[in-house]
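Colleague: give me a 3D structure for the following:
(chains A and B)
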Number of protein chains: 2
Amino acid sequence: MDFDLDQSIEVLSRSPGTLRALLGGLGDPWIRGTEGPKTFSPFDVVGHLIDGEETDWIPRARIILARGPEPRFEPYDRPRHWKRNRERSLESLPDEFTRLRLANVETLRTGKLQNADLDLLGAHPIFGRVTLRQLLAAWVVHDLGHITQVARVMAKQYREAVGPWVPFLAVLTDRERKE
Amino acid sequence: MDFDLDQSIEVLSRSPGTLRALLGGLGDPWIRGTEGPKTFSPFDVVGHLIDGEETDWIPRARIILARGPEPRFEPYDRPRHWKRNRERSLESLPDEFTRLRLANVETLRTGKLQNADLDLLGAHPIFGRVTLRQLLAAWVVHDLGHITQVARVMAKQYREAVGPWVPFLAVLTDRERKE
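Modeller: As a prediction, the model looks like this:
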């Protein structure tokens, strides 16, 4: 599937609603469960997505679109959300993500990006030259990857509870079932 | 996390809304994309979940709760949905899944299941004796596994589009990123 701006916006605009439908009103055991030490809970994933709205995707797109001589992205501050959200409630983060994401999607929607804009280059701190098109595609995939993570982390909280079903539920065994 | 009926119902009742938020109104390229021949598209996953509502989870719970001398489950008909949904529209399946799921959750909610009921045994055609508790936990995990699948299949449609980001987006490479 080739990159398409409208089709990308379709997905980006759905992620907040998806996470609210999945997580809204759920109890702590589901929201705060992890896959082990130093891994993300669903709460942490939403915090990480908020970091992305505030410091990653649209800020990097702006660097590219500024057409400066050195369109270098700021390195991403991965642990930022641990500190930022330490005191936040379970309910406040999905609302905050929704607000930030809808504003960023609106920026994208009203940006009137043409193919020539999407071909513009930025400089990623790790892997160098990337187009705006690749950045926006990565944003979409990043969302979807973290939706898989939230559902997987939740599933693993019931690893013991399913008893003999474990080998038949690929999500519990870090395998993928494709059919 | 130990099995808890109310916490299981929390998740089971959210899956239709999650899938509608993620898939509702999306275009064909996202809904019909797969991971290769004989793998599920998001459309197929919803069809498979409908099969589960009609033939698997609650029907098996009823076999257990009937307390018959041989509480043997019917083997699961995996390809059932291919035939059943051949002519269905993209929009009709999530609605149908929602309707079936809400009725099944209502059955569970009004069933007044006690611990002694949850300890009752059924006979799985592949791995034998399972408790009702394990069956219901597997239902929850099965949902979450298929939500991960839908998001992963969608992500992979943009595998080429992300360019140099591929190794940094675990969902594209069949690895898991846990933090």
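
Colleague: pull the helix or strand with minimum mean pLDDT from chain A.
Modeller: Among the helical and strand segments of chain A, the one scoring lowest on mean pLDDT, DSSP states H and E is helix A:80-84, with a mean of 92.

Colleague: buried stuff in that one?
Modeller: Neighbour-count burial for helix A:80-84, with 16 or more other Cβ atoms under 10 Å in any protein chain shown as criterion, is recorded at A:His81. Backbone N, C-alpha and C define where each C-beta goes, glycine included.

Colleague: ok, now how distant is A:Val45 from B:Glu74?
Modeller: 38 Å (Cβ to Cβ, to the nearest Å).

Colleague: do the same with A:His146
Modeller: 37 Å.

Colleague: one step back: what about A:Val45 and B:Glu74, which has more around it?
Modeller: A:Val45 (22 against 11; other Cβ atoms under 10 Å in any protein chain shown).

Colleague: verify the stated contact: that one with A:Thr148.
Modeller: No: between A:Val45 and A:Thr148 there is no contact under Cβ atoms under 8 Å: 10.1 Å.

Colleague: the least confident helix or strand of chain A and chain B in contact?
Modeller: No: counting by Cβ under 8 Å from any Cβ of the partner chain, chain B is not contacted by helix A:80-84; separation bottoms out at 10.3 Å.

Colleague: helix or strand right after that helix?
Modeller: helix A:92-109 (DSSP states H and E).

Colleague: in that next one, which residues are buried?
Modeller: A:93-94, A:96-98, A:100-101, A:104-105, A:108.

Colleague: want to throw these into TSV with distance to A:Asp174 and pLDDT?
Modeller: Formatted as TSV, those follow (distance: Cβ to Cβ, whole Å; pLDDT from 0 to 100):
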residue	distance to A:Asp174	pLDDT
A:Leu93	26	93
A:Pro94	27	92
A:Glu96	31	95
A:Phe97	27	97
A:Thr98	30	97
A:Leu100	31	98
A:Arg101	29	98
A:Asn104	32	98
A:Val105	32	98
A:Leu108	34	97
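
Colleague: I'd like the residues you listed as JSON lines, with distance to A:Gly122 appended.
Modeller: JSON lines is the format used below for the buried residues of helix A:92-109 (distance: Cβ to Cβ, whole Å):
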{"residue": "A:Leu93", "distance to A:Gly122": "28"}
{"residue": "A:Pro94", "distance to A:Gly122": "29"}
{"residue": "A:Glu96", "distance to A:Gly122": "26"}
{"residue": "A:Phe97", "distance to A:Gly122": "24"}
{"residue": "A:Thr98", "distance to A:Gly122": "27"}
{"residue": "A:Leu100", "distance to A:Gly122": "21"}
{"residue": "A:Arg101", "distance to A:Gly122": "21"}
{"residue": "A:Asn104", "distance to A:Gly122": "17"}
{"residue": "A:Val105", "distance to A:Gly122": "20"}
{"residue": "A:Leu108", "distance to A:Gly122": "16"}
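
Colleague: ok, those residues vs B:Arg88, which is closest?
Modeller: B:Arg88 lies nearest to A:Val105 out of these, by Cβ to Cβ, at 30.0 Å.

Colleague: wait, that closest one sits on A:Val11?
Modeller: No: counting by Cβ under 8 Å, A:Val105 stays clear of A:Val11, with 10.1 Å between them.
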